[in-house]
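Asks: sequence first, predicted model second:
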Amino acid sequence: QVQLVESGGGLVQAGGSLRLSCVASGSIFRANVMGWYRQAPGKQRELVAAITSDDSTNYADSVKDRFTISRDNAKNTVYLEMNTLKPEDTAVYYCIYNYKQLGRSYDYWGQGTQVTVSS
């Protein structure tokens, strides 16, 4: 089992910045992917950014050049630096931890942290 604890959400004005953190604990596999999804009211959950254990990254087009994902493997922590925030970035942001073993894929989710961007 893996537990994820997120922090760093809040209310910010458009153009501002926030930094989300997610700490993983429990049975951590060295080869894994961590990332962030978000879900706005009435919309499907969508991938924001992901990073592998060897620092390969992937971003949604809507956040490229504004958001930066990074990780500290020694601390089992993933970060999401969000700059130039827009009202459409308002959502609950969820941390995800994924690993693969014996051909199966396993996902663990955090409880979510609210990000609200006012115009």
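Replies: Done, it's in.

Asks: which SS class is the most centrally placed residue in the chain?
Replies: Residue closest to the average C-alpha location in the chain (Cα atoms, centre = their mean): residue 36, at 2.1 Å. Using DSSP: H, G, I helix; E, B strand; the rest coil, the secondary structure recorded for residue 36 is strand.

Asks: was I right about it contacting residue 80?
Replies: Yes. Contact criterion Cβ atoms under 8 Å: residue 36 and residue 80 qualify, at 5.0 Å. Heads up, the C-betas are built off the backbone N, CA and C, glycines and all.

Asks: overlap of the contact sets of these two?
Replies: 20, 48-49, 69, 93 (Cβ atoms under 8 Å, 6 or more residues apart in numbering).

Asks: mind listing which of the residues you listed are in helices?
Replies: Judged by DSSP state H, the subset of those located in helices is empty.

Asks: related to what we said a few turns ago, separation between the residue nearest to the centre of the chain and residue 104?
Replies: Note on residue 36: its distance to residue 104, by Cβ to Cβ, to the nearest Å, is 23 Å.

Asks: could you list the low-pLDDT ranges of this structure?
Replies: Under the criterion pLDDT under 70, no range of the chain is flagged.
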